[in-house]
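[1] Below is the structure, and that's it, no one-letter string:
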């Protein structure tokens, strides 16, 4: 940055105005517009490239940089901007940028594409470090690398073909599950959570759902399994309706337990296991297996299998004893083909014989190629609770045998790549290894059948690796998603993409703890995605890759969790069971995060910017961030923006004020200075920020949403954090920051929005229940049916009363009610008319309207009066004035109720059910009335 302290483009209101456009493109990128290199292998919380590109560029450009030129630079007008290189000359050649938590490299990749002079990416974990080299460094070798990768990839596939044929025969793979010995009848019963194999909808076909969750439409494939018991024999039949009906596409009504085609009903069996409910039923005798929780018979028997599996490999028991374990893996069906054209067949005795023979052959495998390393023992990886306490236990014998062969071939290949520099050899082996790791995630006991989409869901579909039923085992050379050959295709496509992103930027990739970073010079800008408290336990979960990776690309650490958890900036209380002290606690997280911010302050130039993407909704996480960034490291916040960063499947629609798919982009500068009394700062913040809200409303540029809340929050924080010391906070250290966040920052943000609206519209809303209702209605879009639902975090963010409102209080005043949504008891529903109902009928269902119609006008807040007046304005419009006058004598809430109506008439979304009655109440005439003086 230049030596003066001129603001950057990222800090300007002008840039804030185009963030929604960037956000829209970022959201699209998380769906079908995903970058090709993301398909090489899964990594957690990858930032959309357009958001990384936009924020990096805006952090390096001056405030007055022309917006049209900026939008052209980042290719914002393109449907999928990341498919195109930015249009830059030498604007950024003299800058150095650092991402100290680089992950899978979205931020440094886009800095490289912008031709930033020097791009530094640092990561603590070896796995991420290897992936970063593949994303940022090795693509410099260009077309030659791509051709050699194809060549050696083909060699790898050919080298294992004979081994694969011996193990898998002509089949692409198998669907299996766990079976347990029934304590009642003595038979081994498979445990299957659902019997569907494929239920693929036709492309572009809309799904119609009734209350019975029946889906109607055209299906490309409808295939399910059906168990048939005959004495002590169990047969798993395959019901392939496409074959039975001889149709490529079937028009059907489908529910979980039945399919109706041409008025003929096909029954689909219900699953006979649910780990969540500790429920399992024997298919032979229909007995429910005993126990609950850790004492559940099924859990105890699968633990028994895993203990015996280890004893067997240690030579302590025979194969026969292993087969007689109380639980064991079994095969359900086998399949050939690819994609939607998979053909399923019943398992026969020969299939089971080969399956168990592979356990005998496993003893011949080079033990160095089998991951005997311990899984983190404190429960982060949930499968460990079922006895899968070592990584090899995630795999059956056949999988371990073929993986060992692949490792051997890769290591031989590494020695055979002659005549090239060492780094070039590393590059080829790295990409081949990435394909192998991706294959492993699709080929283990932790996969499961995903009938509606990809057929196979990988182990990493869940962050905590739970035990699964209906797992899928696939041949490495099959043409199915997740096979080694298909994984190689994805890596080649990813590399083709990455080669196109190459520029002349100097790239430096460092495998280091942020607190141990040593750089030759200070950096101009730091753009990063710091840890979000308890979001992803990276050392533990990425060990799933690491224990295989290190067998090809050597690292000295046994596991990442054993080596790096004490240095990981994350929250997992169970970590202290192994590492002692308070490692994994919020206290530890805050201390480590504060040290990291202090280090970043050392590394950053005095006039530089620190940009953080922060994706967390809890107030604890916000306290931690402000403690680290402002209280300890003396950074001040200048701006915040909201951007879509996470996978769209994570969004819990209408359940939280700040949706989980949003990151809050925070712009920090050195340095907070001076001191001031907290109450004076709050007045200053409310005055400045409410004026901004009012002005934006006057200019018709205020589009209220959760993003607006984040933008206003940033402006409030910029006022509070400009001071190094705030006088009047209760407590010191964390206690002081908790007081600041909970009792001042969040309430001030809510109040600034309300006061800004009040100023702009010329009304006054001060009742805390009215404020809460108005904020929820304006910041959360209306659902298509029912009412708005929120999680408990919302109360903290929208609480204008410095912590005095709680759920019970809001309930008692009839503003919210607590409801169960999919088993969650902490969901808060707003007491408002239901969106999909007739407005008068919906209002008549509200308790306060029912109460008033019975002659009881004992209202407890303005919201209740507002609802009743809405009803009167629609049902008895000619009596509205008289009713208002009568109400003035009975309650003090009438004026504020009318103020709510005026605000809603102006800024409530048009598709909200309360828009029209608000217009009537506020005097805005609607329909034909606006032409007459009535």
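    Received, thanks. This one's a predicted model, so the numbers in the text were calculated from it and none came from an experiment.
[2] Skip ahead from the lowest-mean-pLDDT helix or strand in the chain and say which helix or strand is next.
    Within the chain, judged by mean pLDDT, DSSP states H and E, the helix or strand with the poorest mean is strand 208-209; its value is a mean of 38. Sequence order places strand 215-230 as the next helix or strand after strand 208-209, per DSSP states H and E.
[3] Walk me through which strands that following strand pairs with, and which way each runs.
    In the sheet, strand 215-230 lines up against strand 196-201 (antiparallel), strand 208-209 (antiparallel), strand 233-240 (antiparallel), strand 250-255 (antiparallel) (DSSP bridges).
[4] any chance of those strands in CSV, plus distance to residue 262 and mean neighbour count?
    The C-beta positions use only the backbone N, C-alpha and C, and glycine is treated the same way. Listed next are the strands paired with strand 215-230 as CSV, based on distance: least, Cβ to Cβ, whole Å; neighbours: other Cβ atoms under 10 Å:
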stretch, distance to residue 262, mean neighbour count
strand 196-201, 18, 21
strand 208-209, 18, 10
strand 233-240, 16, 16
strand 250-255, 8, 18
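[5] can you tell which of those strands is closest to residue 629?
    Nearest to residue 629 among the strands paired with strand 215-230 is strand 208-209 (45.4 Å), distances taken as Cβ to Cβ.
[6] can you give me phi and psi for residue 835?
    For residue 835, the backbone dihedrals (degrees, to the nearest 10) come out as phi -70, psi -30.
[7] so what's it up against?
    782, 783, 784, 785, 786, 787, 912, 913 (Cβ atoms under 8 Å, 6 or more residues apart in numbering).
[8] give me that answer again for 6 Å
    Under the criterion of Cβ atoms under 6 Å, 6 or more residues apart in numbering, the neighbours of residue 835 are 782, 783, 785, 913.
[9] Name the SS class of the third one, please.
    Classification of residue 785 using DSSP: H, G, I helix; E, B strand; the rest coil returns coil.
[10] what's near enough to touch it?
    Residue 785 sits next to 835, 836 when contact means Cβ under 6 Å, 6+ apart.
[11] How confident was the prediction at it?
    Per-residue confidence (pLDDT) for residue 785: 89.
[12] for the stretch 551-700 of the chain, what spans make up the helices?
    560-564, 576-579, 586-603, 619-626, 678-698 (DSSP state H, counting those that start in this stretch).
[13] Out of the ones you listed, the one nearest residue 185 is which?
    Closest among the helices of the stretch 551-700 of the chain, using Cβ to Cβ: helix 576-579, at 39.8 Å.
[14] if we can go back for a sec, out of the contacts of residue 835, flag the one nearest to residue 502.
    Of the contacts of residue 835, the one sitting nearest to residue 502 (Cβ to Cβ) turns out to be residue 783, at 45.9 Å.
[15] What count of nearby residues applies to the closest one?
    Neighbours of residue 783 under the rule other Cβ atoms under 10 Å: 14.
[16] And the longest helix anywhere in the chain, how far out from the chain middle?
    As assigned by DSSP state H, the longest helix anywhere in the chain is helix 142-168. When C-alpha coordinates are averaged (Cα atoms, centre = their mean, to the nearest Å), helix 142-168 and its chain have centres 34 Å apart.
[17] Which elements pack onto the very next helix or strand once past it?
    With elements assigned by DSSP H and E, the helix or strand that comes after helix 142-168 is strand 173-181. The contact analysis (3 or more Cβ pairs under 6 Å, 6 or more residues apart in numbering; DSSP states H and E) places strand 173-181 against strand 188-191, strand 327-336, strand 471-474.
[18] Show me the strands paired with the first one, marking each as parallel or antiparallel.
    Here the strand partners of strand 188-191, with direction, are listed using DSSP bridges: strand 173-181 (antiparallel).
[19] quick one: average pLDDT of the partner strand?
    Here the average pLDDT along strand 173-181 is 97.
[20] now it and strand 327-336, what's the angle there?
    160 degrees (axes from the mean of the first three to the mean of the last three Cα atoms, to 10 degrees).
[21] contacting residues around strand 173-181?
    188-192, 298, 301, 326-327, 329-335, 469-475.
[22] returning to what we had before: identify, from the contacts of residue 835, the entry nearest to residue 553.
    For the contacts of residue 835, with residue 553 as the reference and Cβ to Cβ as the criterion, the closest is residue 783, at 49.1 Å.
[23] For the closest residue to residue 274 other than its chain neighbours, give its distance to residue 180.
    Distances taken as Cβ to Cβ, 6 or more residues apart in numbering place residue 193 nearest to residue 274, at 6.7 Å, with adjacent residues excluded. Distance, residue 193 to residue 180, using Cβ to Cβ, to the nearest Å: 14 Å.
[24] quick one, which of these two is more surrounded?
    Taking neighbours as other Cβ under 10 Å, residue 193 and residue 180 compare with residue 180 leading, 27 against 18.
[25] so that one bridges to which residues?
    Legend: beta-bridge partners of residue 180 under DSSP bridges are residue 189, residue 327.
[26] related to what we said a few turns ago, export the helices of the stretch 551-700 of the chain to CSV and append columns for mean pLDDT.
    Formatted as CSV, the helices of the stretch 551-700 of the chain follow (pLDDT from 0 to 100):
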stretch, mean pLDDT
helix 560-564, 96
helix 576-579, 92
helix 586-603, 94
helix 619-626, 85
helix 678-698, 94
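[27] quick one on the thing from earlier: of the strands paired with strand 215-230, which approaches residue 767 most closely?
    With Cβ to Cβ as the yardstick, what comes closest out of these is strand 208-209 (39.9 Å).
[28] Show the contacting residues for residue 817.
    Residue 817 neighbours (Cβ under 6 Å, 6+ apart): 829, 831.
[29] wait, residue 475 sits on residue 169?
    No. Checked against Cβ atoms under 6 Å, the pair residue 475 and residue 169 is beyond contact range at 8.9 Å.
[30] Out of those two, name the residue with the larger neighbour count.
    residue 475 (25 against 13).
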